[in-house]
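Visitor: The following comprises the amino acid sequence and a computationally predicted model.
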Amino acid sequence: MLHIVNRGYVYRAAPISPEVERYVRQCFGADRKIYNLHVAHLYDYLEKNHYQIGDKLPSLKKMGMPTVSMFKKQCVNKDHVAYLYLVDAYASNEAKQHFKKAIMAFNKVAYKKQYKRSALKRQKTLGIEPTFRDLKGMPTFHSRKGSKSSYTTCNQNGTIYIKDDILYLPSAQKSSVKVVGFKLNKHRDLPKNSKIKNVTVTMNAKGQFDVSIGVAFPLEIESIGTPARILGLDYSQSHFFVDNEGKKANYPHYYRKMKERLAKEQRILSRRKKESKRWEKQRLVVSRLQRKVVNQRKDWLHKKAYALAKRYDMVVVEHLDLRAVGQNKYYANNQQDNGFGHFRLYLTYKLEQQGKYVVQAPKNFASTQLCSTCGHQNRALKGNVTIREWDCPSCGHHHDRDINAACNLKQYGEKYTKEEIVPPTIVV
Ligand SMILES: [Zn+2]
């Protein structure tokens, strides 16, 4: 069957002229400006309406948020030019969408009333009481320094296209820059018959540009029918994952070494005088190393996912709220580090494009607590991660916590294919 698939392809790119670079930087600025105006309005509203810690944030409509075009009209530079009109219109709207997402993300955790660690430290050492601005997940102002700059633009009737390895992006009507082009370092071709949907331009600390091209293309996918080789994967903090055969995916040694080096370089950076020449130099060292660590990890994840997708017809994973895992103070570092979310994503598309399956067990499937031999549910395991091994009180079978969970997931997958219905689930 012919399917339409969406993918993103990232290329290192260089602006074709200094004017283009200036224009792109303006776009970054506009994106940031619009976002920050939203945040400022939000803070203002919360202060005036005596926001109570623990409450959800109101909708944009309720807080009387001006529209993007109103913001655009308001903002004039010292020469009375409404400079937000000089950049890609789509970029400004995107900033609003980001803000909306930030509000939604905050509302999910608002009831927890947690402050940022830095705010708690400040309270302890300087006696400054934290405010709602210090709540974890509260939208904050984007700074020109530090975080990487980016903006996204959308293809409308061929406004984005590639010709002779140059990527052309739409410009703004009122901008003096008419042609926005990037010379691509095309290390690989886009898939055949692909249509460009959108492009995100980012700039790193060194001032280098990357473009991520979102494309949709047709792909012939043949279903493999009933899956024969099924694998259960249990997410594990210490081993990344454990499968039902007891195999562990250990992170490679070189990666850990890199992390140690990165920590060392970051310590050196923290000792240098901010904004000094030596500081600036060290900042680049750190950012290059950070990028390297990210790339190594991504590479490893892709290879691991590829190997599994080649070998198995179906992979069963548990339902995992990675956001919740990330907020557990014992786990947070580890979780961000091994990027299980990315892995799951890579695994899914690598299997699906071969007509294979990825199955996620439902939230209430107690993969850890069930005995994979007799099906007894051992409630003593609930919420207690310290028990690594246990004996089934019903059949007496000795279990390794992770392997047992992976076995249950595999069994879930087997039932799923045999009956093609969701098996009865256990209420936890
Ligand atoms: Zn048992």
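Guide: Received the coordinates, thanks. Numbers count the residues shown, from 1 in each chain.

Visitor: Residue 83 and the ion: what is the separation?
Guide: 69 Å (C-beta to the ion, to the nearest Å). Where you see a C-beta, it was placed from the backbone N, CA and C, and this is true even at glycine.

Visitor: Could you tell me the per-residue confidence at that residue?
Guide: Predicted confidence (pLDDT) for residue 83: 78.

Visitor: Counting neighbours, what do you get for the residue nearest to it when sequence neighbours are not counted?
Guide: Distances taken as C-beta to C-beta, 6 or more residues apart in numbering place residue 77 nearest to residue 83, at 5.0 Å, with adjacent residues excluded. Under the neighbour criterion other C-beta atoms under 10 Å, residue 77 is assigned a count of 10.

Visitor: for residue 80, same thing?
Guide: Applying the criterion other C-beta under 10 Å, we find 7 residues in the vicinity of residue 80.

Visitor: Roughly how far does it sit from the ion?
Guide: For residue 80, the distance to the ion under the criterion C-beta to the ion works out to 77 Å.

Visitor: mind checking the SS state of that residue?
Guide: Under the three-state scheme (DSSP: H, G, I helix; E, B strand; the rest coil), the conformation of residue 80 reads as coil.

Visitor: count of residues packed around residue 382?
Guide: Residue 382: 11 neighbours (other C-beta under 10 Å).

Visitor: Find the nearest non-adjacent residue to it, please.
Guide: Skipping the residues right next to it in sequence, residue 382 comes nearest to residue 369 by C-beta to C-beta, 6+ apart, at 6.2 Å.

Visitor: just checking, the one you found touches residue 376?
Guide: No - with contact defined as C-beta atoms under 8 Å, residue 369 does not reach residue 376; the gap is 9.1 Å.

Visitor: Surely the residue nearest to residue 83 touches residue 84?
Guide: No - the pair formed by residue 77 and residue 84 falls short of the contact definition of C-beta under 8 Å, at 9.7 Å.

Visitor: related to what we said a few turns ago, any idea of the pLDDT on the residue nearest to residue 83?
Guide: On the pLDDT scale, residue 77 is placed at 74.

Visitor: Tell me where the stretch 1-150 of the chain has strands.
Guide: Ranges of strands in the stretch 1-150 of the chain, per DSSP state E, counting those that start in this stretch, are 2-15, 149-154.

Visitor: Which of these has the highest mean neighbour count?
Guide: Per residue and on average, the most neighbours among the strands of the stretch 1-150 of the chain fall to strand 149-154, with a mean of 21 (mean count of other C-beta atoms under 10 Å).

Visitor: so what's the nearest residue to residue 5 once chain neighbours are set aside up against?
Guide: Distances taken as C-beta to C-beta, 6+ apart place residue 219 nearest to residue 5, at 4.9 Å, with adjacent residues excluded. Applying C-beta atoms under 8 Å, 6 or more residues apart in numbering, we find residue 219 in contact with 2-5, 191, 353.

Visitor: cutoff 7 Å now
Guide: Remark: with contacts taken as C-beta atoms under 7 Å, 6 or more residues apart in numbering, residue 219 is in contact with 3, 5, 353.

Visitor: Okay, and the beta partners of it?
Guide: Judged by DSSP bridges, the bridge partners of residue 219 are residue 3.

Visitor: try residue 400
Guide: Residues found in beta-bridge contact with residue 400 (criterion: DSSP bridges) are residue 389.

Visitor: related to what we said a few turns ago, pull up the overlap in contacts between residue 77 and residue 84.
Guide: Taking C-beta under 7 Å, 6+ apart as the contact criterion, residue 77 and residue 84 have no common neighbours.

Visitor: what does this protein have sitting close to the ion?
Guide: Contacts of the chain with the ion, taken as C-beta under 5 Å from the ion, map to 371, 373-374, 376, 392, 394-395, 397.

Visitor: can I get those residues in JSON lines with pLDDT, secondary structure and neighbour count?
Guide: As requested, these are arranged in JSON lines below (pLDDT from 0 to 100; DSSP: H, G, I helix; E, B strand; the rest coil; neighbours: other C-beta atoms under 10 Å):
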{"residue": "371", "pLDDT": "92", "secondary structure": "coil", "neighbour count": "21"}
{"residue": "373", "pLDDT": "91", "secondary structure": "coil", "neighbour count": "15"}
{"residue": "374", "pLDDT": "90", "secondary structure": "coil", "neighbour count": "11"}
{"residue": "376", "pLDDT": "90", "secondary structure": "coil", "neighbour count": "14"}
{"residue": "392", "pLDDT": "91", "secondary structure": "coil", "neighbour count": "18"}
{"residue": "394", "pLDDT": "90", "secondary structure": "coil", "neighbour count": "13"}
{"residue": "395", "pLDDT": "91", "secondary structure": "coil", "neighbour count": "11"}
{"residue": "397", "pLDDT": "91", "secondary structure": "coil", "neighbour count": "14"}
